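In: Give me the fold of what follows.
(one chain, ligands or ions: 1)
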Amino acid sequence: MLETRLRPLASCSFSVLTRARGLASSSTPSSQLRVAGGTYRQDAFTNVTNAIIQKAETSLLSKPSHPLSILNSLIHSHFPDYKAITPSSPVVSVFKNFDELGFPPDHPGRRHTDSYYVNKEQLLRTHASAHQIESFQTDAKKWLLTADVYRRDEIDASHYPVFHQMDGARVFDKSPSELRALEEENEVMAHRLAQENILIEDESSIGPQNPYQQAHDPAQAALVAANLKHTLNGLMLKLFGGAAGATKENPLRVRWIDAYFPFTSPSYEVEVFFRGKWLEILGCGVVNQAILDRAGVKERISWAFGLGLERIAMVLFSIPDIRLFWSQDPRFLSQFTPGVISTFKEFSKFPSNWKDVSFWISRDVHENDVCDIVREAAGDLAEDVKEIDRFVHPQTSKTSLCYRIHYRSMERSLSNAEISAIQDRLEGMLVSELGVEIR
Ligand code: DAH
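Out: This next block holds a predicted model:
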């Protein structure tokens, strides 16, 4: 998956975070979990936390002046004839999130340390593509779908366990007339792009690593892939052209490279050169025929793409910290106007404070387990969490870990007493949840 952080794992063992803690409703039996309006069975696999359940109840996209919402609408306005599909619940089956899309059984995204499981069979979707098959089933030939998605992760300014993705697709009949029309449309699009201030650096290539599918006539797949490229180049120009100040002499640079996704072939990644850096913007490709077959749309061929809204919004609006998207501070939301990309004006940055916590572990502890406990104890006041020391005691062979937690509020100054209280709570939770011994 794009944006999956394939960090080497300290351990692949089962997380010991098993249950959502202190569940909200007293009328919900402890074996049940309420998530986004639904009731689910808990089991030993459950690792979704209260902090995350609360996020799942908050819809940022329903606020018209929220930067994510502005960006979402901007993309919709670029694709006016695409059907907007809104998925219902973020809880999906493991089958739908992974198996149905062709993810292998050992894919890292499935790990208990990487995803939030409601129980062994259901999890918070890790990508918007979990809804791809049902979207194709609507029979819409062009659609866009935006969803909040969930991945267990480290804590820093660019990672947050909840973010938003948009998937889009366009389906074509394999009829000769539709393919002829597509060929003509591609020519018009290519001609139009050639007049624009965009430089397309296509480094992708078809080959054994990134083949057309057996089920496809290569000429048809090539037309579909070309249409995908023209369409997304147009979108990149719309999103970044103005912001990058693209001119004839200094055009917007868009790069296409080969990629791999279990549900597309060929697959590509699109990067944009923006403010001196190449940014990975989206993943896309020609949809695996097995997926369209499963959706019951035979005799059709489709392309699809998926992009992360936060990453794009952070660069377009110059938002320095991903936590700001969740800020309730009116000084954040009141800055933005629906339909307009504007530069975020920092409202005084409050000082940050750090505290270390050191503990002995008696079994493997995954960094994501520590981070989820920090999120439970500190909410969005934790800005950054890093392991700063690890050593094995020469005599006892026990391992000691030290984590440094930087605290900062986006909205106010934090008192020492407040931070100490959070740190005490955190230590208590580390002991009770992970069985560590504080040093
Ligand atoms: N779901 C992918 C991810 O999270 C992104 C993606 C890639 C979506 C290719 C697509 C696609 O629809 O065709 O990384």
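In: quick one: low-confidence ranges for the stretch 251-400 of the chain?
Out: Within the stretch 251-400 of the chain, no range satisfies pLDDT under 70.
In: Residue of it nearest the ligand, please.
Out: Going by C-beta to the nearest ligand atom, the ligand is nearest to residue 306 of the stretch 251-400 of the chain, at 2.3 Å. Every C-beta, even on glycine, is put in place using the N, C-alpha and C of the backbone.
In: my guess is that residue contacts residue 283, does it?
Out: Yes: here residue 306 reaches residue 283: they are 5.4 Å apart, a contact under C-beta atoms under 8 Å.
In: any idea what sits nearest residue 346, other than its immediate chain neighbours?
Out: residue 320 (7.2 Å; C-beta to C-beta, 6 or more residues apart in numbering).
In: now swap in residue 186 and tell me
Out: Of all residues not flanking residue 186 in the chain, residue 226 sits nearest, at 5.0 Å (C-beta to C-beta, 6+ apart).
In: Repeat that for residue 223.
Out: residue 182 (5.2 Å).
In: roughly how far out does the helix or strand hosting residue 233 sit from the chain middle?
Out: Per DSSP states H and E, residue 233 falls inside helix 218-236. Helix 218-236 has its C-alpha centroid displaced from the chain centroid by 24 Å (C-alpha atoms, centre = their mean, to the nearest Å).
In: Make 5 the starting number, not 1.
Out: Got it, first residue is 5 now, which makes that one helix 222-240.
In: Show me what that helix is packed against.
Out: For helix 222-240, the packing partners by 3 or more C-beta pairs under 8 Å, 6 or more residues apart in numbering; DSSP states H and E come out as helix 71-82, strand 166-177, helix 180-199, strand 202-206, strand 256-262, strand 268-278, strand 281-291, strand 304-312.
In: OK, contacts around the closest residue to residue 107 other than its chain neighbours?
Out: Counting by C-beta to C-beta, 6+ apart, residue 107 lies nearest to residue 266, which is 5.0 Å off, once chain neighbours are set aside. Residues near residue 266 by C-beta atoms under 8 Å, 6 or more residues apart in numbering: 105, 106, 107, 108, 111, 292.
In: Please confirm that the third one is located within a helix.
Out: Going back to what we said before, that points to residue 107. No: Residue 107: not assigned to a helix; according to DSSP: H, G, I helix; E, B strand; the rest coil it is coil.
In: could you check the distance from it over to residue 115?
Out: 12 Å (C-beta to C-beta, to the nearest Å).
In: Pull the number of nearby residues for the residue nearest to residue 227.
Out: By other C-beta atoms under 10 Å, the residues close to residue 186 number 19.
In: Next, count neighbours for residue 163.
Out: Counted by other C-beta under 10 Å, the residues lying close to residue 163 total 16.
In: go on, residue 162?
Out: Residues near residue 162, counting by other C-beta under 10 Å, number 12.
In: Need the nearest residue in space to it, chain neighbours excluded.
Out: Leaving out its chain neighbours, the residue that sits closest to residue 162 by C-beta to C-beta, 6+ apart is residue 326, at 5.6 Å.
In: got a list of what the one you found touches?
Out: So residue 326 contacts 161, 162, 163, 164, 167, 314, 318 (C-beta under 8 Å, 6+ apart).
In: Same check on residue 319?
Out: Applying C-beta under 8 Å, 6+ apart, the residues near residue 319 are 278, 279, 283.
In: ok, now with 6 Å
Out: residue 278 (C-beta atoms under 6 Å, 6 or more residues apart in numbering).
In: tell me the SS of it?
Out: What three-state DSSP gives for residue 319 is helix.
In: Do a quick rundown of the strands in the stretch 5-154 of the chain.
Out: Under the criterion DSSP state E, counting those that start in this stretch, the stretch 5-154 of the chain contains strands at 36-39, 42-45, 87-89, 95-97, 121-123, 126-128, 146-154.
In: Adding distance to the ligand, mean pLDDT and mean neighbour count, write those strands out as CSV.
Out: Shown next, in CSV, are those (distance: least, C-beta to the nearest ligand atom, whole Å; pLDDT from 0 to 100; neighbours: other C-beta atoms under 10 Å):
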stretch, distance to the ligand, mean pLDDT, mean neighbour count
strand 36-39, 21, 95, 18
strand 42-45, 23, 96, 14
strand 87-89, 13, 98, 15
strand 95-97, 13, 98, 19
strand 121-123, 18, 98, 22
strand 126-128, 14, 98, 27
strand 146-154, 7, 98, 22
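In: Just checking the helix holding residue 237 against the ligand, any contact.
Out: No: using C-beta under 6 Å from any ligand atom, helix 222-240 stays clear of the ligand, with a minimum separation of 9.0 Å.
In: elements contacting the helix or strand residue 423 falls within?
Out: Here residue 423 sits within helix 420-438, counting by DSSP H and E. Here helix 420-438 touches helix 371-382, going by 3 or more C-beta pairs under 6 Å, 6 or more residues apart in numbering; DSSP states H and E.
In: 7 Å instead?
Out: Here helix 420-438 touches strand 357-365, helix 371-382, going by 3 or more C-beta pairs under 7 Å, 6 or more residues apart in numbering; DSSP states H and E.
In: residues in contact with it?
Out: The contact list for helix 420-438, computed with C-beta atoms under 7 Å, 6 or more residues apart in numbering, reads 20-21, 357, 359, 361, 363, 369, 373, 377-378, 380-382, 385, 411, 440, 442.
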